[in-house]
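Undergrad: Next one to model:
(chains A and B)
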Protein chains: 2
Amino acid sequence: MPSNGAARDFVQERADRYLGWLTEACSIPSVATQPEALAKMASWVEDKLQALGASTRRLTIEGAPDVLLAELGSGDRTLLVYDHYDVQPVDPIDLWDSQPFEPEIRDGVFFARGAADNKGDLVARLAGIEAYQELHGPLPTKVKFLIEGEEETGSRSFESLIEKYGSDLQADGCIWEGMGIDHLGRPEFVFGAKGLAYVELTYRGLADDQHSSLAVIAPSPVWHMVEALSTLRSPDGKVLIDGFYDDVVAPTEEDERLLASIPFEEEAERKRLGIGTFVGGATGLDLVRRYMFEPTCNIAGLLAGFTEPNTSKTVLPKEVMAKIDMRLVPNQDPDDVVAKLRRHLDARGFADIDIKRYSNEIPVRSSGSSTVARASIEAAAKVFEQPPSLQPMMIGTGPMYPIASMLGIPTVSPAGVCRPDSNIHAPNENCRVDDFLKIVEYTIGWLDAFASVEE
Amino acid sequence: MPSNGAARDFVQERADRYLGWLTEACSIPSVATQPEALAKMASWVEDKLQALGASTRRLTIEGAPDVLLAELGSGDRTLLVYDHYDVQPVDPIDLWDSQPFEPEIRDGVFFARGAADNKGDLVARLAGIEAYQELHGPLPTKVKFLIEGEEETGSRSFESLIEKYGSDLQADGCIWEGMGIDHLGRPEFVFGAKGLAYVELTYRGLADDQHSSLAVIAPSPVWHMVEALSTLRSPDGKVLIDGFYDDVVAPTEEDERLLASIPFEEEAERKRLGIGTFVGGATGLDLVRRYMFEPTCNIAGLLAGFTEPNTSKTVLPKEVMAKIDMRLVPNQDPDDVVAKLRRHLDARGFADIDIKRYSNEIPVRSSGSSTVARASIEAAAKVFEQPPSLQPMMIGTGPMYPIASMLGIPTVSPAGVCRPDSNIHAPNENCRVDDFLKIVEYTIGWLDAFASVEE
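TA: So this is what the prediction gives:
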């Protein structure tokens, strides 16, 4: 058991106070479609930061929710902490056991939209700052919080923000939220992230919906889309878009070493997912390698015609929509991948299918041995009973590219409140109360570690 | 111009009265999901029939809306008239230019759900009876109206009804509503109908929706369904379900003669549908033959994951649903076709996809030279300027099988108010006011023709 007594005791004493903050934060429905709630959430975070003594600014990009930049503390080094205050939509709402924006603790688990992604982390960091100040006094390092409100819709303005405000964001290391605690209780650390190209394919092939008796002579837009989709991916998960893998970089030897050390509880994960086998029947190291280093082509949504349950309507739908998200790995480029998708469809008779782009994130790698990476790992050893899980790549995405690549700041995504069963982006999102308090405690330690770890 | 002066003048004088009836009927939202409206509609029809002097009964099958059986008139022959008082759902509601249950006449066209399918026909027949009585006195033949409320959901109880009440339904001929007036103004007559097997395919392959980053290792239920669907049909419209065509009977020589006489305005139809070519590039006689004698496999609905327009959510959906309607031709059997679909899916690794059945209608043929067929065609010649369009098969379906095959009553589906641009089963359903009044006039003549045509 690590020895971190004073901080742990202090956090336990303040547990109700910090859970109260989390409850407040998760009661605000800050989804992309609710600009008022986004604004309210930004103000809530701003107030909290100011109460901690931070000077705050609103960074603005037209059409995007305000981004908060807060600065506090002083020291030789500057730590940039990235979080986001927006959350995913809540549907399907009827699958939630409690209201998504009325947080509820059941059996030591805190349920609410945003609990794990990532208000839990954000609030834990704020609480950690307060606890540090009360326990030890002034912060030992300069800390900049960069908190955006557009992450869940793909951080569309983040690159513009970095271009406009990059000089204000310079730091010696960046903590970029997103990782959590694995099945075995091991704190996770990642040094890179997959990219994302999200597109909506739509095809309208008829002037109007028709009685389905006409399907015998009128070409069906829905079949046309099914035919197009079926050319994009093989059943074993291989993406068939022409040239899709051209720029994929194979894992390095160091990557392979990290992969071999990553604990992956196949049976627990299979059970949680409710599946018999993983994609392509992968197991062992092959499975972990796919997990980290394979790109995907996923159908996130599909809609056509009459969809009411338990009843029938004989219609030939005039149009069809498919939302496709492609997770990319270094050095795939989202623009290039979408261009390849366009050419792939055109070459097969699907030039009539329209492609509308949403999210666009470039995959990125950072160093696993930077100051910020080593400080984060070192501080975790005092809080977590388990050894760290060090991962070369995060399977999710986030705007790590502008910070790590455009600004060149070493970046690490350290342990947060998210567990594999936290249901992020899904009904009944949650974090464990114990984990939340542990991340508060961890934050106290990483401020000292970052200030003192050797170059 | 046919000479039918007295009847025509009388109907014109009564136009407002009969359009008033149609407005009343189409103001009642008698869709399957609204049992109160269905009951109200049944009472409305019953009241109208009683006012015409009919004796009425409610035929009941548990779980189904009441079926009305009305008898009026007397004579050597008995004519059975089949209609239905239910209508299709109205969605997508936002594509209607006026409220579906607030009928509106614009530029001589009557817009409302049910205007063409088939309250327009039903009301025109009732109006025709009244007009006959006022013009000529007692009806020259016995007429039985059989009016059900379950047609739009596949007439699931109709076979049971025929088994239970068959002896009360005996007649010398059956008029079965459903046909209309073609592009050229020709009254249409059909002597058979396609069948229908409607199934809902569902597959739940994950315990919960997942963040789409997991799509790299967790098998996607949506891709699984797309893969299954893509095995069902080739792009040229051929259904690939194993054994699907085994029982299909080729058109006879008489069928081919009728096919060759069917006017089919390809260019007008292409323009109306908004398409470049018909399925498989068919044209001419080949196109008409497909239209009448080819079965289909249509995707009426498709739903998975996140479907809100103009935004993105990166989710790996846990489940997917596809509604499939298959139009069948003699001698395909819906039970057999669904069993073949099951075996087809099982044989290709899709045994995990669930099949739920909805409508089930057996394809049927009747004679084109029966008393009722000849009377209907003869009466039309006095009303319509154009020669009749005689079709061996209706491309839609209806419960013709129990009447024509189980009861053995010669059946014809004669001209009604429906035009190719009537948008049945779609937004802005309509019938032309002139057509409605013409069908009232036509009804007057067919009562006499049925009573007097030679055996």
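Undergrad: quick one: contacts for A:Ile299?
TA: A:229, A:322-324, B:220, B:222-223, B:226, B:304-305, B:317 (C-beta atoms under 8 Å, 6 or more residues apart in numbering or on different chains). (Glycine included, C-beta is placed from N, CA and C.)
Undergrad: mind checking the SS state of it?
TA: Here A:Ile299 is recorded as strand under DSSP: H, G, I helix; E, B strand; the rest coil.
Undergrad: Please pick the buried ones from the contacts of A:Ile299.
TA: Burial by neighbour count, judged by 16 or more other C-beta atoms under 10 Å in any protein chain shown, picks out A:229, A:322-324, B:220, B:222-223, B:226, B:304-305, B:317 from the contacts of A:Ile299.
Undergrad: what's the closest of those to A:Cys418?
TA: B:Pro317 (20.6 Å; C-beta to C-beta).
Undergrad: From chain A, how far out is that closest one?
TA: From B:Pro317 over to chain A the distance is 7 Å, taken as C-beta to the nearest C-beta, to the nearest Å.
Undergrad: Which residue is the nearest non-sequential neighbour of that residue?
TA: Spatial nearest neighbour of B:Pro317, chain neighbours left out: B:Gly305 (3.4 Å); criterion: C-beta to C-beta, 6 or more residues apart in numbering or on different chains.
Undergrad: OK, contacts around the one you found?
TA: A:299-302, A:323, B:209, B:222, B:313, B:315-317, B:320.
Undergrad: Mind checking what helix or strand follows the helix or strand hosting A:Lys271 in sequence?
TA: Assigned by DSSP states H and E, A:Lys271 falls within helix A:266-273. Later in the chain than helix A:266-273, the nearest helix or strand by DSSP H and E is helix A:284-293.
Undergrad: How many neighbouring residues does A:Asp16 have?
TA: By other C-beta atoms under 10 Å in any protein chain shown, the residues close to A:Asp16 number 7.
Undergrad: before we move on, what about A:Lys238?
TA: 13.
Undergrad: separation between it and B:Val90?
TA: Look at A:Lys238 and B:Val90: by C-beta to C-beta, to the nearest Å, they are 43 Å apart.
Undergrad: per-residue pLDDT, A:Leu184?
TA: Note on A:Leu184: pLDDT of 84.
Undergrad: and the closest residue to it other than its chain neighbours, how far is that from A:Gly192?
TA: Among residues not flanking A:Leu184 along the chain, A:Pro263 sits closest, at 5.3 Å (C-beta to C-beta, 6+ apart). Per C-beta to C-beta, A:Pro263 is found 19 Å from A:Gly192.
Undergrad: can you check A:Gly75 too?
TA: From A:Gly75 to A:Gly192 the distance is 27 Å (C-beta to C-beta).
Undergrad: of those two, who's got more company?
TA: The neighbour comparison of A:Gly75 against A:Gly192 (other C-beta under 10 Å) goes to A:Gly192, with 25 against 17.
Undergrad: and the residue nearest to that one when sequence neighbours are not counted, what does it touch?
TA: Of all residues not flanking A:Gly192 in the chain, A:Arg365 sits nearest, at 3.9 Å (C-beta to C-beta, 6+ apart). Shown in contact with A:Arg365 (C-beta under 8 Å, 6+ apart): A:191-192, A:330, A:392-393, A:404.
Undergrad: for A:Glu361, same thing?
TA: Contacts of A:Glu361 (C-beta under 8 Å, 6+ apart): A:154-155, A:193, A:195-197, A:328, A:334, A:397-399, A:401.
Undergrad: of all these, which comes closest to chain B?
TA: If you rank the contacts of A:Glu361 by distance to chain B using C-beta to the nearest C-beta, A:Gly154 comes first, at 6.3 Å.
Undergrad: tally of neighbours for that closest one?
TA: So A:Gly154, with other C-beta under 10 Å, has 24 neighbours.
Undergrad: what residues are up against it?
TA: A:196, A:198, A:358-361, B:312.
Undergrad: and the residue nearest to A:Leu184, what element?
TA: Counting by DSSP H and E, A:Pro263 is part of no helix or strand.
Undergrad: how much space between it and chain B?
TA: 15 Å.
Undergrad: who's in contact with the worst-scoring helix or strand of chain A on mean pLDDT?
TA: Lowest by mean pLDDT, DSSP states H and E among the helices and strands of chain A is helix A:400-401, with a mean of 81. Applying C-beta under 8 Å, 6+ apart, the contact partners of helix A:400-401 are A:159, A:176, A:192-193, A:195, A:361-364, A:366, A:394, A:411, A:413.
Undergrad: so where's chain A uncertain?
TA: Scanning chain A for pLDDT under 70 picks out the ranges A:1-4, A:398-399.
Undergrad: Swap in 50 and give it another go.
TA: Scanning chain A for pLDDT under 50 picks out A:1-2.
Undergrad: Where do the helices of it begin and end?
TA: A:5-13, A:15-26, A:35-51, A:119-136, A:158-165, A:221-229, A:253-261, A:266-273, A:284-293, A:334-347, A:371-381, A:400-401, A:433-452 (DSSP state H).
Undergrad: Distance of A:Ser55 relative to A:Leu68?
TA: Going from A:Ser55 to A:Leu68 by C-beta to C-beta gives 11 Å.
Undergrad: out of those two, which sits in the more crowded spot?
TA: The neighbour comparison of A:Ser55 against A:Leu68 (other C-beta under 10 Å) goes to A:Leu68, with 22 against 10.
Undergrad: quick one: that one and A:Leu49 touch, right?
TA: Yes: using C-beta atoms under 8 Å, A:Leu68 makes contact with A:Leu49 at a distance of 7.1 Å.
Undergrad: Need the overlap of contacts for these two.
TA: A:56, A:145.
Undergrad: most packed of the helices of chain A?
TA: helix A:400-401 (a mean of 28; mean count of other C-beta atoms under 10 Å in any protein chain shown).
Undergrad: Any residues of the stretch 351-455 of chain A in contact with chain B? List them.
TA: A:358-359, A:395-397, A:423-427 (C-beta under 8 Å from any C-beta of the partner chain).
Undergrad: Need the buried ones from the residues you listed selected in PyMOL.
TA: With 16+ other C-beta under 10 Å as the burial test, the buried ones among those are selected in PyMOL as follows:
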select buried, chain A and resi 358+359+395+396+397+423+424+425+426+427
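Undergrad: Of the residues of the stretch 351-455 of chain A next to chain B, which is the nearest to A:Arg290?
TA: Distances from A:Arg290 to these, taken by C-beta to C-beta, are shortest for A:Ile395, at 9.9 Å.
Undergrad: got a list of what the closest one touches?
TA: When contacts are counted by C-beta under 8 Å, 6+ apart, A:Ile395 touches A:194, A:291-292, A:327, B:213-214, B:216.
Undergrad: what's in contact with stretch A:254-262?
TA: Residues contacting stretch A:254-262 (C-beta under 8 Å, 6+ apart): A:251, A:285, A:288-289, A:292-293, A:368, A:389-392.
Undergrad: Turn these into TSV, including distance to B:Ile61.
TA: Converted to TSV, those look like this (distance: C-beta to C-beta, whole Å):
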residue	distance to B:Ile61
A:Pro251	66
A:Leu285	62
A:Val288	59
A:Arg289	61
A:Met292	60
A:Phe293	61
A:Gly368	71
A:Ser389	63
A:Leu390	68
A:Gln391	63
A:Pro392	66
